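K.L.:
with the input below, show me the fold.
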Amino acid sequence: APLLAAVGSARRLELALAVAPAADGAENVVRLTAAVDGSAHGTRWAGLLTAAGDARLPSAPPGSVAQIAFGRSVGALLRAPAEYLGSGEQLALQSFLSIADAIDGPQTSFTADLVGGLAEPWVLTVLGPVAGEGPHSPLVLPRFALSAGIADAEVETVLRRAAQVFAVIANGQRAQQRKLPFVVRNARTAHGRGLVAEPPVWRGPGLPPVEDALTPALLFGAGHAVLASTLDAAEAVLAALAQGRPAPGGGDHIRIDGGAVASALAANRGPLELGRMLDEGDSASEAARFVDIVLAVAAATARLELAIDYGDGATTLRLELERRR
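P.N.:
This is a model prediction of the structure:
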């Protein structure tokens, strides 16, 4: 909505396309810049934007597929939903908040204490899948970690309590499906401490299910809270943050590593080809060729970055594509 508001109020658009040298001097970076003389500032959508500044991301941990940070204030949306949502959406949000507040406890507000205790914007880091040794599911999930700066030290207590309640709910659902529970324990790593939920040992029959590769973790360290699908993903993000990486500024930013994308897709080639055959009606050879093309394009892309800066008087979009030689 902030981007549409800026474009809707603009009267001038400037486009620039250039081939720029990479760090080693080779001309292999294509940069597209689009700027409009409109801004979301001064509109009702300005309240959803985080602090102004260049759209930046902290350095990615090794093995990262992508990093995403949107300069949006979740807290602002939750505090004043009538400003941004329709009546049906407001009712759905209120229903969610009533449950979330109950989970956090009678003396805790999800909006004020949990979301309000975290600095914005939040950063999503996607890391490549790790199959591990031994039998595993044919579908190997990427690992993800959602990180946020800690604005109020009390948020650690709130998040720990909420995580433990969610674990009880999830294990109750697993019991209804006649599955063994995840075991929740305290975790302490080189860069943080928190909680981790570990799956039961798989004893068959057949291959382990997809969730067998998950070790959901909530870690605190380096002034941040990290919620991740695996303990090693949380630790990798904390390790990068511990090195004093710059915090993200305002605006939106997406960074994708094409080679890491190709590796993640190659690890799941079988399920991807089967999906093409079931969803699109491809033959086995057609599905294989489609995946070959996707892998080739991804592998040829060293880096793809998209940044949107919401200035006071102008809005700028920058898209950079670096090819791999």
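
K.L.:
strands along the stretch 101-250 of the chain, start to end?
P.N.:
For the stretch 101-250 of the chain, the strands defined by DSSP state E, counting those that start in this stretch cover 123-127, 143-149, 183-188, 193-198, 217-221, 224-228.

K.L.:
for the residue nearest the centre of the chain, which non-adjacent residue is closest in space?
P.N.:
The residue lying closest to the centre of the chain (C-alpha atoms, centre = their mean) is residue 124, at 2.6 Å. Excluding the flanking residues, the one nearest residue 124 by C-beta to C-beta, 6 or more residues apart in numbering is residue 68, at 4.5 Å. Where C-beta positions appear, they are placed from N, C-alpha and C, glycine not excepted.

K.L.:
how close does the one you found sit to residue 137?
P.N.:
Counting by C-beta to C-beta, to the nearest Å, the gap from residue 68 to residue 137 is 25 Å.

K.L.:
could you do residue 315 as well?
P.N.:
43 Å.

K.L.:
of these two, who's got more company?
P.N.:
residue 315 (25 against 18; other C-beta atoms under 10 Å).

K.L.:
from the contact counts, what lies against the lengthiest helix in the chain?
P.N.:
For the chain, the longest helix by residue count, based on DSSP state H, is helix 155-176. Counting contacts by 3 or more C-beta pairs under 8 Å, 6 or more residues apart in numbering; DSSP states H and E, helix 155-176 is packed against helix 87-104, strand 183-188, strand 193-198, strand 217-221, strand 224-228.

K.L.:
mean confidence for it?
P.N.:
The average pLDDT for helix 155-176 rounds to 95.

K.L.:
circling back to that earlier point, so for residue 145, which of the helices and strands packed on helix 155-176 sits nearest?
P.N.:
Proximity to residue 145, assessed across those by C-beta to C-beta, is greatest for strand 224-228 (3.8 Å).

K.L.:
pull the closest one out as PDB, backbone CA atoms only.
P.N.:
What follows is strand 224-228, C-alpha atoms only, in PDB (Å, rounded to 0.1, in the frame of the first residue of the first chain):
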ATOM      1  CA  HIS A 224      18.300  -9.800  19.000                       C
ATOM      2  CA  ALA A 225      15.600 -12.500  19.200                       C
ATOM      3  CA  VAL A 226      15.600 -15.200  16.500                       C
ATOM      4  CA  LEU A 227      12.800 -17.600  15.800                       C
ATOM      5  CA  ALA A 228      14.000 -20.300  13.400                       C
END
